[in-house]
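1. 3D, please:
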Amino acid sequence: MPIFVWLLLAWDAVTGRRPLVRGAEEQARVDGETSTLALYHFQACPYCRKVRRDVRLLGIGVEMRDIKREPARREELVAGGGKKQVPCLRIMGADGAVRWLYESREITRYLTERFGPGGS
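-> Next up is the predicted model:
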């Protein structure tokens, strides 16, 4: 694990930031809903690190698709979202429609509103 990841984890420990904990039933519901999400990212991207950290703190499982390690994922991102910018959250709706959400702040806002404390 890279040193900056250890530093982020240490900072979270010092500041008391811990992943959100849910009851088993609620976590199962959230896991079902997050199974339709995929985050396109790469390890060294600072904006991607922020989103991955927020995903961890929200206690949610999002499929991680590294566009540097898996060139096919980069091609998927460009074909579906229209550009290779990361981070990008792929959201598949219940009707099968796909939405591509760019920008770390927008991704974090979406995830927090949907899966954070008091989320729907």
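
2. Can you classify the nearest residue to Cys88 once chain neighbours are set aside as helix, strand or coil?
-> Residue nearest to Cys88 in three dimensions, not counting chain neighbours: Tyr40, with 4.4 Å by Cβ to Cβ, 6 or more residues apart in numbering. C-betas here are computed from N, CA, C, even on glycine. When classified by DSSP: H, G, I helix; E, B strand; the rest coil, Tyr40 comes out as strand.

3. Spell out which residues sit in contact with Met64, please.
-> By Cβ atoms under 8 Å, 6 or more residues apart in numbering, the contact list for Met64 reads 38-39, 41, 52.

4. quick revisit: thought the residue nearest to Cys88 was touching Ile67?
-> Yes: using Cβ atoms under 8 Å, Tyr40 makes contact with Ile67 at a distance of 5.6 Å.

5. Which one's more surrounded, those two?
-> Comparing Tyr40 with Ile67 by neighbour count (other Cβ atoms under 10 Å), the higher total belongs to Tyr40, at 27 against 23.

6. thinking again about what came up before, what sits in contact with each of Tyr40 and Ile67?
-> 73-74, 77, 86.

7. What's the local residue count around Lys50?
-> 16.

8. Can you tell me the SS state at it?
-> State at Lys50, reduced to three classes by three-state DSSP: helix.

9. what number of residues lie near Ala44?
-> Ala44: 10 neighbours (other Cβ under 10 Å).

10. let's number from 570 now, not from 1
-> Sounds good: first residue 570 from here, last item Ala613.

11. would you say it is within a helix?
-> No: under three-state DSSP, Ala613 sits outside any helix and is assigned coil.

12. so how far is Glu672 from it?
-> 18 Å (Cβ to Cβ, to the nearest Å).

13. repeat for Ile572
-> Using Cβ to Cβ, which is the criterion applied here, Ile572 is 27 Å from Glu672.

14. Regarding stretch 650-667, how distant is the last residue from the first?
-> This stretch, stretch 650-667, spans 9 Å end to end (Cα to Cα, to the nearest Å).
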